[in-house]
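[1] next comes the sequence, and after it the predicted model I'd like to discuss.
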Amino acid sequence: MWPDRRVMDLFGIALPIVQAPMAGFSSTEMAVAVSTAGGLGSLGCAAMDTVALRDTLSAASQATALPLNVNFFCHDAPPPQRENDARWLEALSPYYQEMHVPPPDLSTGLIEPFDGERCEILEEFGPAVVSFHFGLPAADLRRRLKTAGAKILSTATTVDEAVWLEDNGCDAVIAQGFEAGGHRGMFLTEDPHTQIGTMALVPQVADAIGLPVIAAGGIADGRGIAAAFALGASGVQIGTAYLFTQEATVGNIYANALRAAKNQPSALTHVFSGRPARCLANRVCRELGPMAAKPAIFPRGIKAIAGLKAASEVAGDGDFSAHYCGQSVALARATTAAKLTSDLSRDALGHLQRLGRVGA
Ligand SMILES: Cc1cc2nc3c(=O)[nH]c(=O)nc-3n(C[C@H](O)[C@H](O)[C@H](O)COP(=O)(O)O)c2cc1C
């Protein structure tokens, strides 16, 4: 019934809906529920050490034999950045004083990019799909994943990035529009001001590459999915709407902020990590950004703000918490991951039928 089956055929799934990997906020239960409902569930493994990665893959493979996507970051591992670290800690120093939090050491405890050790664990478990944010890992790691049977995906935020991903062996490309919640997957450009909206990006990417295109950013209901197909996508990747499901691990402060987000703006900001990400515009985002002149270098910004986040959450507020969400947050409703997946699919097919793009 779907007008374009390329994403479904590529992954061997019944619905062209990918639940976005959301490191720290999506759960194994969410991924399994989405795959069981016929979509592609994703495990957000970017912030996991190798022990947590192995535990997660072990729990997921016991829960389902259906296809799952395992997601990582592949940012450059940062060399020492003393001058930049000192400048960013200085920018945060009034907050450290206010919250009685000691300034942290930014040289340890950082999120690690995908590497050989993680690749070895994937070779052992053999996930159906492996996706990346911020580009792709080195060619030998990509070859190893392919030999282990994985389809490889990554995010493009420009046409150039989509072409680069096709040239470098991806099996499908996620076209992430400006509306998207979370980090921009940008990797050939550092300029957030020239990032493109989903409606403009998806058809240009679909025209430029031969691979299946998965549209992401601001899609939160059946209308958005139908629009993505009309623009040339053969699948969608949805994050924010899944934050409202019972399986999301968002905690009360984040959940309340999302529910209250109706008319509140989200903003692209790098104050939470050093890389541009779309979040609700809360206190630290407004006061230091949204785009600070000289931000921390990713991922050091995450460590810089972690103690402030913890202290303010103990006090019951989210002044220093990154409440990632996309521009369609007000369309999302509380539900379960399985119901969201099947409702999205049914509503999208209804819209596509009305538009005359599928048979009855
Ligand atoms: C809370 C949150 C966390 C995210 N974390 C990741 C991640 O770990 N890896 C990734 O590839 N994308 C991540 N994303 C981006 C999504 O893959 C996707 O591009 C985005 O959610 C699509 O826009 P939407 O939120 O409007 O649906 C995240 C998005 C959100 C909202």
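    Thanks, I have the structure now.
[2] can you show me the helices along the chain?
    6-11, 28-36, 50-63, 82-99, 116-125, 139-147, 159-167, 198-208, 222-230, 251-259, 283-288, 300-314, 337-354 (DSSP state H).
[3] just say which of those is most tucked in.
    Among those, helix 28-36 has the highest mean neighbour count (mean count of other CB atoms under 10 Å), at a mean of 25. C-beta here means a position set from N, CA and C on the backbone, and glycine is covered the same way.
[4] quick check: residue 17 vs residue 308, distance?
    36 Å (CB to CB, to the nearest Å).
[5] which of the helices of the chain sits closest to residue 330?
    helix 251-259 (9.7 Å; CB to CB).
[6] give me the contact status of that closest one with the ligand.
    No: Helix 251-259 does not reach the ligand (CB under 6 Å from any ligand atom); its nearest approach is 8.6 Å.
[7] please name the nearest non-neighbouring residue to residue 196.
    Sequence neighbours aside, residue 178 is the residue nearest to residue 196 in space, at 6.1 Å (criterion: CB to CB, 6 or more residues apart in numbering).
[8] isn't residue 30 up against residue 242?
    Yes: judged on CB atoms under 8 Å, residue 30 makes contact with residue 242 at a distance of 6.4 Å.
[9] pull up the overlap in contacts between the two.
    Both residue 30 and residue 242 are contacted by 19, 248, 337, under the criterion CB atoms under 8 Å, 6 or more residues apart in numbering.
[10] bridging residues for the first one?
    Each beta-bridge partner of residue 19 is listed here, defined by DSSP bridges: residue 238.
[11] quick one: name the residues of this protein near the ligand.
    So far as CB under 6 Å from any ligand atom goes, the chain lies against the ligand at 20-23, 25, 44, 46, 71, 133, 155, 176, 179-182, 216-219, 237-240, 243, 324-326, 328.
[12] do you know the pLDDT at residue 321?
    If you check residue 321, the pLDDT there is 98.
[13] what's the local residue count around it?
    By other CB atoms under 10 Å, the residues close to residue 321 number 23.
[14] so residue 178 is in contact with residue 198, correct?
    Yes: at 7.3 Å, residue 178 counts as touching residue 198 under the criterion of CB under 8 Å.
[15] so what sits against both of these two?
    By CB under 8 Å, 6+ apart, the residues touching both residue 178 and residue 198 are residue 217.
[16] contacts for stretch 82-91, please.
    Contacts of stretch 82-91 (CB under 8 Å, 6+ apart): 96, 103-104, 106-107, 288, 292, 294-297, 300-301, 304.
[17] please apply the same query to stretch 246-253.
    22, 24-27, 29-30, 33, 242-243, 255, 258, 313, 316-318, 321, 334-337.
[18] okay, now the domains of this structure?
    Per the record, the chain has its domains at 6-75+111-250+332-354, 80-109+262-322, by automatic domain parsing.
[19] with only the CA atoms kept, save stretch 252-269 in CSV.
    Extracted in CSV, the C-alpha atoms of stretch 252-269 (Å, rounded to 0.1, in the frame of the first residue of the first chain):
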residue,chain,number,x,y,z
ASN,A,252,9.7,14.3,35.2
ILE,A,253,11.4,17.6,34.6
TYR,A,254,11.9,17.0,30.9
ALA,A,255,8.5,15.4,30.5
ASN,A,256,6.8,18.4,32.1
ALA,A,257,8.8,20.8,29.9
LEU,A,258,7.8,18.8,26.8
ARG,A,259,4.1,18.8,27.8
ALA,A,260,4.2,22.6,28.5
ALA,A,261,6.0,23.3,25.2
LYS,A,262,2.9,24.1,23.2
ASN,A,263,3.7,27.7,22.3
GLN,A,264,7.3,27.8,23.7
PRO,A,265,10.0,28.2,21.1
SER,A,266,12.8,25.7,20.6
ALA,A,267,16.1,27.1,19.5
LEU,A,268,19.3,25.8,17.9
THR,A,269,21.9,26.1,20.6
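[20] distance from it to the middle of the chain?
    Here stretch 252-269 is found 17 Å from its chain centre; the criterion is CA atoms, centre = their mean, to the nearest Å.
[21] so how far is residue 197 from the residue nearest to residue 196?
    Residue 178 is 5 Å from residue 197, by CB to CB.
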